[in-house]
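Enquirer: All I have is the shape, not the residue letters:
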């Protein structure tokens, strides 16, 4: 069975500090990994994805995530957060067969001025 | 290229009434997913459809809930005889299939009074 675990439900962090949001998955087959961000009263927006190639992927707003197959992880990091990064972050996986997506329970990131 | 369109954005129903939520996927997308999100909770998968077919409805309650994605027109999530526990945000997502990431609408917020 496939599952996605986001270990931290809430992460408060001061502005300009670094942050890491953790995501672990379990699967017996190859997976493809995604991070989504949800701002209040909006839908989820794709932040970044790992499909193949370099295990380190980056978004346009400074986030990065590294696929670690041995640790079955896809943690999201940012070296210096802004107030505008306050949002809910969801990790998701799909299998190499595609079509079915599994989401974590989300991590609420709050950036403190 | 318009994104995933959901309507209405807000829907208020009295207990016992029917709720119909509509989702128009992105152009060229033939795969539609419905998710439910409760306050302080994650995203719960409900149903996955392709044109005219239900592929996976393992997340749908057995009674009162149904979904369709006809050959023409939007996908519809229908909730009959709504109860207060149905109050939630319902999100639709679409994809062209395979390992392509999901694109989400802004959701319909259902309130049952």
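Expert: Sure, I can see it. Since the structure is predicted, the reported quantities are computational estimates derived from the model, not experimental observations.
Enquirer: Against chain B, how distant is residue A:111?
Expert: Going from residue A:111 to chain B by CB to the nearest CB, to the nearest Å gives 19 Å. Bear in mind the C-beta positions are built from the backbone N, C-alpha and C, glycine included.
Enquirer: Please disregard the earlier target; I meant residue A:28.
Expert: 17 Å.
Enquirer: So what's the residue count around that residue?
Expert: 8 (other CB atoms under 10 Å in any protein chain shown).
Enquirer: contacting residues around residue B:57?
Expert: Going by CB atoms under 8 Å, 6 or more residues apart in numbering or on different chains, residue B:57 touches B:46-48, B:67.
Enquirer: what does residue A:15 give?
Expert: With contacts defined as CB under 8 Å, 6+ apart, the neighbours of residue A:15 are A:81-83, A:111-113.
Enquirer: list the buried ones in the helix or strand where residue B:66 lies?
Expert: Secondary-structure element containing residue B:66, defined by DSSP states H and E: strand B:65-68. By neighbour count on 16 or more other CB atoms under 10 Å in any protein chain shown, the buried set for strand B:65-68 is B:65, B:67-68.
Enquirer: just to revisit the earlier point, now restrict the contacts of residue A:15 to buried residues only.
Expert: Buried subset of the contacts of residue A:15 (neighbour count, 16+ other CB under 10 Å): A:81, A:111.
Enquirer: Tell me which of the contacts of residue A:15 fall in strands.
Expert: A:111-112 (DSSP state E).
Enquirer: tell me the mean pLDDT for stretch B:17-27?
Expert: Per-residue pLDDT over stretch B:17-27 has a mean of 97.
Enquirer: Can you give me the buried ones in that stretch?
Expert: B:19, B:21-26.
Enquirer: With distance to chain A added, can I get those in JSON lines?
Expert: Formatted as JSON lines, the buried residues of stretch B:17-27 follow (distance: CB to the nearest CB, whole Å):
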{"residue": "B:19", "distance to chain A": "19"}
{"residue": "B:21", "distance to chain A": "13"}
{"residue": "B:22", "distance to chain A": "15"}
{"residue": "B:23", "distance to chain A": "11"}
{"residue": "B:24", "distance to chain A": "13"}
{"residue": "B:25", "distance to chain A": "13"}
{"residue": "B:26", "distance to chain A": "12"}
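Enquirer: Among those, name the ones in strands.
Expert: B:19, B:21-24.
Enquirer: Name the SS class of residue B:99, please.
Expert: Classification of residue B:99 using DSSP: H, G, I helix; E, B strand; the rest coil returns coil.
Enquirer: could the buried residues of stretch B:17-27 go into a markdown table alongside distance to residue B:61?
Expert: Shown next, in a markdown table, are the buried residues of stretch B:17-27 (distance: CB to CB, whole Å):
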| residue | distance to residue B:61 |
| --- | --- |
| B:19 | 13 |
| B:21 | 14 |
| B:22 | 19 |
| B:23 | 18 |
| B:24 | 24 |
| B:25 | 23 |
| B:26 | 27 |
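Enquirer: What lies in contact with stretch A:28-35?
Expert: Contacts for stretch A:28-35 (CB under 8 Å, 6+ apart): A:2, A:23, A:25, A:46-51, A:59, A:63, A:65, A:67, A:74, A:76, A:89-97, A:101, B:99, B:101.
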